[in-house]
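> curious how this folds, go ahead:
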Amino acid sequence: MTSATIQSLEFPKAFFKPGEAAQWVVTLKSDSPVTLDLVTTITHIGDTLMSKRQPVSIDLGTFSVESSWMPPAEPRRGYGLDICLETTDRTIVASRSSSFDVLERWTQNPRYGFLTDFSPERSDGPQALDTLLRYHINGLQFYDWMYRHDQYLTQEDPYLDPLDRRLSIHTVEALIDAAHERGMAAMPYTAVYAASIPFYEQHQDWALYQPDGKPYFFGDNFLVIMDPRPDSPWTKHLLGEFSRILADTKFDGIHLDQYYSPQVGYDTQGNSYRLEQPLADMINSTKSIVTAARGDEGAVIFNAVTNWPIETVAPSREDVVYIEVWPPYTFFNDLSLLIVQAQQLGGGKPVVIAAYIDPTFKTNALLNDAIIFANGGGHIELGERGDYLADAYFPRYKTPSPELGTILQRYYEFAIRYQDVIGPQTRSGDYVYSGRITLNQGIETNPAMTRNRVMPVVRESADYTAVSLINLLGLESGEWAKGIVEESTPLGSTNVKISGVSGHVDQVWFSTPDTTDFTLQPVEFTQSDDFITITIPLLKFWDLILIKWSK
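Residues are numbered from 1 along each chain as shown. As a prediction, this is how the structure comes out:
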């Protein structure tokens, strides 16, 4: 029996645009010369769109096969790509499941990553971004790339940032170019009201003040909070800086940050004002500048720290609702609730979650992504050379284990493949299905429980209901950021009952990213009266049950 393997499956771009051929390269390896059939299958949900069989001769070592395929004109987004090596009698020697998507712009399904190293000596940018291509990262936050918070660009090069890191605009520009070559957007970090101490001292009447007339300081007193209201001198200055960034660099938009506190400010006359609407106004003004410079491709993202002020910023002109999660939102349930609320307030805009954990805790990492992805959200967590975002100060990232990196790649590909039934353009069915999904053996699905239960997450789209099952069984903690050393207690064959069903079920499939084969598998089900019972083969961390309804 040959020991031929599929060594890698790589894409040149993070996503493809309508009218553009999808491309990929399969690298095969064998320890002895062999001729096998390379079988390539492309699917969309349960439909096979292309299947191709071609003989390949692999000598001792590796052999690469380049392929391409033109997606149909219909507005579909997520596609499955399955590769098999088979003998002439159709015995499978090796197989690989993957995916790609077709988007008009990256913000339709943002997979946000990060970069933090802009040192003049850096030369590994292309290799670092190739690592992120494995996860189909399509947008990058350039974190703390600037000269100052009140002056983003300088004639100096290299230059020292506020924390005395030595940076170079030439490195920034090279990374932007490398990102664009791979279909990744480059987003510059900015802060809506942060200025250096010297800038404040020159413009004290531009600042935001406390009730006692003292300015607000941030970060061990190395920044001062300025007045972000629409007509303030600071806002006019900052918007001018944004225009300069877009004129003098190839950045694709503006990423806006804030610090949650203060939420009320005072001017130099002692007049108080709340910041919720001024922040939304800042987003809208920034969007006008970005659109003028970059057209429909330009993006604005604003950080709703601790989900504040989500009610005003989610309906604004921002392209993505971005939430940095802090207490009191500490439980796994909270991640789901935050995403669904943001989608509703944002009128269906995509949502990205920033939730920082130590990647040493594999269970936390996988459950976080399972919950976020199953709800149609994105998670900013991967950057640089495949490293993991473990802290609010991005340069304090950590390196995940090779095992976790491999599983996370499957999770990303799984979410991309099935985005048309669980992705950002679908809608939540959690409220409609609350209390209607139960499992056998007395397994809890109560939405009020934060641990030791199976969490159903329901998404609905035309003709489909997708039920994700997130396994929290056997966990000591139900908190997403509290390090969990144990894995969820796995389940074997399990019956899932859905009550209150009025439509007729046409077909039911099962899939999971916890195995290397995440193609859709038909599963047994029965429909009687107003309920259906579905038998799933296993549950480790994240399962997907996909129900297709008869028209």
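
> where do the strands of the stretch 1-150 of the chain begin and end?
For the stretch 1-150 of the chain, applying DSSP state E, counting those that start in this stretch gives strands covering 5-10, 22-30, 34-44, 47-58, 61-69, 78-86, 92-101, 112-115, 139-142.

> buried set for the second one?
Read it as strand 22-30. 22, 24, 26, 28, 29, 30 (16 or more other C-beta atoms under 10 Å). C-beta here means a position set from N, CA and C on the backbone, and glycine is covered the same way.

> next one: the helix or strand containing residue 171 to chain centre, how far?
Taking DSSP states H and E as the definition, residue 171 sits inside helix 169-181. Centre-to-centre, helix 169-181 and its host chain are 21 Å apart (C-alpha atoms, centre = their mean, to the nearest Å).

> what are the buried residues along that helix?
Residues of helix 169-181 classed as buried: 169, 171, 172, 173, 174, 175, 176, 178, 179 (neighbour count, 16+ other C-beta under 10 Å).

> pLDDT score for the third one?
Residue 172 is assigned a pLDDT of 98 by the prediction.

> about what we covered before: please convert the strands of the stretch 1-150 of the chain to JSON lines, extending it with distance to residue 397 and mean pLDDT.
JSON lines is the format used below for the strands of the stretch 1-150 of the chain (distance: least, C-beta to C-beta, whole Å; pLDDT from 0 to 100):
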{"stretch": "strand 5-10", "distance to residue 397": "23", "mean pLDDT": "95"}
{"stretch": "strand 22-30", "distance to residue 397": "28", "mean pLDDT": "96"}
{"stretch": "strand 34-44", "distance to residue 397": "35", "mean pLDDT": "96"}
{"stretch": "strand 47-58", "distance to residue 397": "38", "mean pLDDT": "95"}
{"stretch": "strand 61-69", "distance to residue 397": "31", "mean pLDDT": "93"}
{"stretch": "strand 78-86", "distance to residue 397": "28", "mean pLDDT": "97"}
{"stretch": "strand 92-101", "distance to residue 397": "26", "mean pLDDT": "96"}
{"stretch": "strand 112-115", "distance to residue 397": "8", "mean pLDDT": "98"}
{"stretch": "strand 139-142", "distance to residue 397": "12", "mean pLDDT": "98"}
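
> of all those strands, which one is nearest residue 336?
Across the strands of the stretch 1-150 of the chain, residue 336 has its closest neighbour in strand 112-115 (18.9 Å, C-beta to C-beta).

> contact partners of that closest one?
Identification of contacts with strand 112-115 by C-beta atoms under 8 Å, 6 or more residues apart in numbering yields 128, 132, 135, 137, 139-143, 145, 175, 184, 320, 322, 352, 378-380, 382-384, 389, 394, 397.

> rerun that using 6 Å as the cut-off
For strand 112-115, the surrounding residues in contact (C-beta atoms under 6 Å, 6 or more residues apart in numbering) are 132, 137, 139-143, 175, 352, 378, 380, 382-383, 394.

> okay, residue 436: pLDDT?
At residue 436, pLDDT is 95.

> and the gap between it and residue 447?
In this view, residue 436 and residue 447 are 11 Å apart by C-beta to C-beta, to the nearest Å.

> check residue 229 too.
40 Å.

> average pLDDT across stretch 478-494?
On average, the pLDDT along stretch 478-494 is 96.

> can I get it in PDB? Just the C-alpha atoms.
Output of stretch 478-494 as PDB, limited to C-alpha atoms (Å, rounded to 0.1, in the frame of the first residue of the first chain):
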ATOM      1  CA  GLY A 478     -18.600  28.400  32.000                       C
ATOM      2  CA  GLU A 479     -16.500  31.400  31.500                       C
ATOM      3  CA  TRP A 480     -14.900  31.900  28.100                       C
ATOM      4  CA  ALA A 481     -11.800  33.700  29.400                       C
ATOM      5  CA  LYS A 482     -11.100  31.500  32.500                       C
ATOM      6  CA  GLY A 483      -8.500  28.900  31.600                       C
ATOM      7  CA  ILE A 484     -10.100  25.500  31.100                       C
ATOM      8  CA  VAL A 485      -7.600  22.600  31.300                       C
ATOM      9  CA  GLU A 486     -10.100  19.800  30.600                       C
ATOM     10  CA  GLU A 487     -11.800  19.000  27.300                       C
ATOM     11  CA  SER A 488     -15.600  18.900  27.000                       C
ATOM     12  CA  THR A 489     -17.000  15.400  27.700                       C
ATOM     13  CA  PRO A 490     -17.600  13.900  24.200                       C
ATOM     14  CA  LEU A 491     -20.900  12.200  23.200                       C
ATOM     15  CA  GLY A 492     -21.400   9.200  21.000                       C
ATOM     16  CA  SER A 493     -24.500   8.500  19.000                       C
ATOM     17  CA  THR A 494     -27.200  10.900  20.300                       C
END
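
> now do the buried residues in it.
For stretch 478-494, the neighbour count (16+ other C-beta under 10 Å) marks 478, 479, 480, 481, 484, 487, 488, 491, 494 as buried.

> also stretch 457-477?
Within stretch 457-477, the residues scored as buried using 16+ other C-beta under 10 Å are 457-461, 464-473, 475, 477.

> got it, and stretch 420-430?
420, 421, 422, 423, 424, 425, 426, 428, 429, 430.

> inside helices: which ones of those residues?
Mapping the buried residues of stretch 420-430 onto helices (DSSP state H) picks out 420, 421, 422, 430.

> dump the residue contacts of the third one.
Spelled out, it's residue 422. For residue 422, the contacting residues are 374, 376, 459, 466, by C-beta under 6 Å, 6+ apart.
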